[in-house]
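Undergrad: just a sequence and a predicted model for now, questions to come.
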Amino acid sequence: MRHQTWVRPLVVVLALALLVAAPVPRAAGGSDGQMTWAVHVSIAPAWFDPGEHPGIITSMLIFYALHDALIKPMPGNPMAPSLAESWTASPDGLVYEFALRRGVVFHNGETMTAEDVKFSFERYRGAAAKLFKEKGATVEVVDPLRVRFRLREPWPDFMAFFATPATGAAWIVPKKYVESVGDDGFKKAPVGAGPYKFVSYNPGVEMVLEAHEGYWRKTPHVKRLVLRVVPDETTRLAMLKRGEADVAYSIRGALAEEVKRTPGLKLAPTLIPATFWIDFTSEQWNPQSPWHDRRVRLAASLAIDRQAISQAETLGFSKPSASIIPSTYEFYWPAPPIAYDPAQAKRLLAEAGYPQGFDAGELTCDSSYSNVAEAVANYFNAIGIKTRLKPIERVAFLSQWREKKIRGGIMQGGAGAFGNAATRIDNYMTSSGTYVYGTYPEIDALFAKQVQELDRGKREALLHEIQKIAHERVMFAPIWELAFLNGVGARVEEAGLGLIQDQPYSSPYEDLKLKAK
């Protein structure tokens, strides 16, 4: 099922709100028990603030607990009414109006109003913030429970950027509280409208959350959540087997096989829209670099045995890819599969003037997926492209990528944010993209044109053309669409894995359950 950009009459949206997002009666007796996760990455305070959402899926690990959005993906609905009960769009595509849910209470007891929505949007500075500023004109508080967004011109993808976790622009924070404590104070003690309240955060160790029993949708079943940082995969599995963790994220290869063999444990694989690729960084745009030559980039791509990596790391569940756009996304263009052909790769290197290969410097990667990067490096070395692995913890890795500090080598990129082909292209292929080292003028021109195009068929053709350019010029060496493998312990009745399409983490948190004792 592909993500859609929704523009609906009020009566239809109201019906959807009643069917999908009506408040669920609270469970008798309230919340109880504790669930513990062994998390594969360090938790960053930047992920506590929707205003700084960097356009990555990892933020949703925290957002779905602490915060809530006007519209967000929920089970069975990629754009479910949440803090907004309904929304309408004007026939000319210039005005979007949201009717807010009555009685929503933040963790500090303040009631959410349209002022909080306006404040949250206007302070947003994360992924696609520049695009929102270019396209948006004003945000108007119509009354305490109604907010109106006016655009400068029709923007067919407004809801794709706004109402999915492609950005954090629709996730709401309390205006008065943020103004009183400031941005830094908010990250130290975040307050939201989500199903769980902040209790404590110990950097590099754990984050503790407690049920918000006033949550509008339902009282969470589980009283306390502990997100424990455990970078080592073997340790995560050991914790799961000992009952010290109820869910262990990212269990791969032989360890995943061990989960399958262990009585009481369950392996939960989920194919998600997280594409991985080799990014040639600024080297691609440097005429003095071997990577400037398309033949060299193509040789590197042909050197990777994608199916073998999938089998070794994710038991074959990951899907080899020829694009950085997930195949489930609206406006995806199915690029021709990339063969594993090391002989042709060596011929291309020789044609480009590198018959003995060359020293490519460092291959920088997110340390939580260094095993994938190591496999790629081995394939590169086999054809003469010599590279050395440089794993960096995720927060620092993303920071260096955003700030264009990864230079003098190549990197393993990855993205798992929600959205469609346009949201992914904006972030990773256009000159204004958050994670872009360089691009072609044709891509910028085509993207600017599709933003204004109201005809869906014509927009699709323009977005397909961008993807064809990226493929033909080998802007990237795609690897796969990730199957996220997780281990679930014996105490868990509902781990929330796979309930929301494309969400890799446990969610909705309020639906999670432990088995009765």
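TA: Yep, it's here. Numbers count the residues shown, from 1 in each chain.
Undergrad: and Ala193, what is it in contact with?
TA: With contacts defined as CB atoms under 8 Å, 6 or more residues apart in numbering, the neighbours of Ala193 are 67-68, 83, 104-107, 112, 172, 174, 215-216. Every residue, glycine included, has its C-beta placed from N, CA and C.
Undergrad: among the residues you listed, name the buried ones.
TA: Buried subset of the contacts of Ala193 (neighbour count, 16 or more other CB atoms under 10 Å): 67-68, 83, 104, 106-107, 112, 172, 174, 215-216.
Undergrad: list the contacts of the nearest residue to Ala516 once chain neighbours are set aside.
TA: Nearest non-adjacent residue to Ala516, counting by CB to CB, 6 or more residues apart in numbering: Glu493, 7.9 Å away. Glu493 is in contact with 513-516, counting by CB under 8 Å, 6+ apart.
Undergrad: switch the cut-off to 10 Å
TA: Each residue near Glu493 by CB atoms under 10 Å, 6 or more residues apart in numbering is listed here: 221, 512-516.
Undergrad: which element is it on?
TA: strand 492-494 (DSSP states H and E).
Undergrad: again with Asp444
TA: Counting by DSSP H and E, Asp444 is found in helix 441-452.
Undergrad: residue closest to the middle of the chain?
TA: When CA atoms, centre = their mean is applied to the chain, the residue found nearest the centroid is Ile57 (2.0 Å).
Undergrad: excluding sequence neighbours, find me the nearest residue to that residue.
TA: Nearest to Ile57 is Gly416, by CB to CB, 6+ apart, at 3.4 Å.
Undergrad: that neighbour reaches Phe276, doesn't it?
TA: Yes. Here Gly416 lies in contact with Phe276, judged by CB atoms under 10 Å, at a distance of 9.4 Å.
Undergrad: helix, strand, or coil at the residue nearest to Pro504 when sequence neighbours are not counted?
TA: Distances taken as CB to CB, 6+ apart put Phe484 closest to Pro504, at 4.2 Å, once the chain neighbours are dropped. Following DSSP: H, G, I helix; E, B strand; the rest coil, the label given to Phe484 is strand.
Undergrad: pretty sure Phe484 contacts Glu313?
TA: No. Using CB under 10 Å, Phe484 is not in contact with Glu313; the gap is 11.3 Å.
Undergrad: all helices for the stretch 301-450 of the chain, in order.
TA: Secondary structure of the stretch 301-450 of the chain (DSSP state H, counting those that start in this stretch): helices at 306-314, 342-351, 370-383, 394-402, 421-428, 441-452.
Undergrad: which other helices and strands contact the second one?
TA: By that I understand helix 342-351. Helix 342-351 is packed against helix 294-302, helix 370-383, with contacts defined by 3 or more CB pairs under 10 Å, 6 or more residues apart in numbering; DSSP states H and E.
Undergrad: tell me the most buried of these?
TA: Burial of these is given as mean neighbour count (mean count of other CB atoms under 10 Å); helix 294-302 ranks first at a mean of 23.
Undergrad: run through the neighbouring helices and strands of that helix.
TA: strand 266-279, helix 342-351, strand 358-366, helix 370-383, strand 385-392, strand 476-488.
Undergrad: what would those look like in TSV with mean pLDDT and distance to Tyr96?
TA: Below are the helices and strands packed on helix 294-302 laid out as TSV (pLDDT from 0 to 100; distance: least, CB to CB, whole Å):
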stretch	mean pLDDT	distance to Tyr96
strand 266-279	94	25
helix 342-351	98	49
strand 358-366	97	35
helix 370-383	97	40
strand 385-392	97	39
strand 476-488	97	31
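Undergrad: re the thing from before, can you give me phi and psi for the residue nearest to the centre of the chain?
TA: The phi and psi values for Ile57, taken as degrees, to the nearest 10, are phi -70, psi -20.
Undergrad: Phe149 sits in which helix or strand?
TA: Per DSSP H and E, Phe149 falls inside strand 146-151.
Undergrad: what comes into contact with that strand?
TA: Against strand 146-151 from outside (CB under 10 Å, 6+ apart): 70, 84, 87-90, 92-100, 113-118, 121, 132, 134-142, 158, 162.
Undergrad: among these, name the buried ones.
TA: Buried members of these, counted by 16+ other CB under 10 Å: 70, 84, 87-89, 94, 96-100, 113-114, 116-118, 121, 132, 135-136, 139, 141, 158, 162.
Undergrad: can you give me the offset of stretch 387-399 from its chain's centre?
TA: Centroid displacement of stretch 387-399 relative to its chain, using CA atoms, centre = their mean, to the nearest Å, is 18 Å.
Undergrad: actually stretch 213-229, not the one I typed
TA: Distance of stretch 213-229 from its chain centroid, counting by CA atoms, centre = their mean, is 22 Å.
Undergrad: and for stretch 374-390?
TA: That offset, for stretch 374-390, works out to 27 Å (CA atoms, centre = their mean).
Undergrad: can you tell me, leaving aside adjacent residues, what's nearest to Val451?
TA: Nearest non-adjacent residue to Val451, counting by CB to CB, 6+ apart: Trp155, 6.5 Å away.
Undergrad: doesn't the one you found belong to a helix?
TA: No. Per three-state DSSP, Trp155 lies outside any helix segment and is coil.
Undergrad: what's the neighbour count on it?
TA: By other CB atoms under 10 Å, the residues close to Trp155 number 23.
Undergrad: contacts only, for it.
TA: Trp155 sits in contact with 5, 93-94, 96, 131-132, 134-136, 161-162, 451-452, 454, where contact means CB under 10 Å, 6+ apart.
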